[in-house]
Structure formats: C-alpha cells, structure tokens
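**Q** Okay, sequence plus prediction incoming.
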Amino acid sequence: MKYMQSIIRLKTVDIALTGVFCAVWGLLNLILGPLSFQLLQLPLLHDFAAFFPLLLIAWATERFGTSSLVGIVGAIVAILLGGPPLIVCFAASSIIFDLLMTANKHKVRITAYSLVTTIVATLASAYTAGVLIGVLFTPGQTLQWALTFWGGWHLVGGILSVVITLPIIASLEKANVKRIKPA
C-alpha cells in the first residue's frame, strides 16, 4: 500500500524526470535496437536501451511505479514513432523490473544487498522480455528456442546493461550527485 501511495504522491520534479527518461527509453530503443540487429543480428543493445533508463530512474527517484511508467510510456513513444510492436515485451519487463525492485525499496546503492537485488531484477526482467519476444514475435520458433537461445541472448543484454549502468551510478554517488529524495 505504501508503494501505491508513492505513485500517487509524485513530486513535480519526479514527473519531469520520469518524462525525460520516457523519451530516452523510447529513443534509445528506436536507435540502438535496429543498430544491434544490423551489426550483430542479436538483441544486446535493445536490452541496454531498455534497462539503462530503468536503472537510472530507479536510482534517481527511489519510487515504485516510475520504472514501469518509463517502460510503458517509452514503448508507446517508440511505437508511435515507428518502432516494432515487440517493444511491448520490454514494457512488460519494465513492470516486472519495478516489482522486483521492491525487494530493496528501489534503492540502487553500491552495497552488497542492493547490487544483488538490482542485478537479479535486471537479469530476470531482460530474460523475461527475451522469452516473451521469442514466443510472441518469432514465428516458426519453438518454446525451447525462446527459453534457451533468445532468452539467453537477452540475459546477456541485461548483463551488458548492468555492467555499463552500475559503474555510472557508482560514479554519480562518488561525485556526491544529489538524488531526488522520496517524500
């Protein structure tokens, strides 16, 4: 209940920051997703485009719902700008990410518990997106293929997201960049 109340009581600055990350999410998916497929024929950069903004908004706001909002609105933006419908699977994974991040109250910190929770939330969500895409948007492929090959490559994309984003967050923490505090 406390988390649902935090969605309702978003500050103006939370709304503005969430709006910026919605746009970033959508644009990164429109740019990096196709680039990844042109270069590698793999979805690695698609996962980075999805989870980089999700990790940053979770760190910045520490609020339940902002990551889901970024994924959902970002997917709508991407689809309206001509992105593929499979982006809805990343929107669904952003909801899973948001739910899993409640385990550490959306606090992305450089502590053992926070890192493990954040990494597990990211990897589980990326894998889920891969399986959903494999099942719903790759005709002619089997469920086993979606669970192993495609889900596995999205898991690697999730790892890439964590490896790039968490050091950025650690640098921001070390530089004493002030985070937006929940009310």
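**A** Arrived safely, thanks for sending. Numbering: from 1, shown residues only.
**Q** Give me the longest helix you can find in this protein.
**A** helix 12-40 (DSSP state H).
**Q** in whichever helix or strand comes after that helix, what counts as buried?
**A** Next helix or strand after helix 12-40 toward the C-terminus (DSSP states H and E): helix 44-61. Within helix 44-61, the residues that count as buried by 16 or more other Cβ atoms under 10 Å are 44-61. Any C-beta I mention is one placed from the backbone N, CA and C, and that applies to glycine too.
**Q** do the same with stretch 163-176
**A** Neighbour-count burial for stretch 163-176 [16+ other Cβ under 10 Å]: 165-166, 169.
**Q** about what we covered before: quick one: the longest helix of the chain to helix 44-61, angle?
**A** 160 degrees (axes from the mean of the first three to the mean of the last three Cα atoms, to 10 degrees).
**Q** Please identify the buried residues of helix 12-40?
**A** 14, 17-18, 21-22, 24-30, 32-33, 36.
**Q** From the centroid of the protein, which residue is nearest?
**A** For the chain, the residue sitting closest to the mean C-alpha position, by Cα atoms, centre = their mean, is residue 51 at 2.9 Å.
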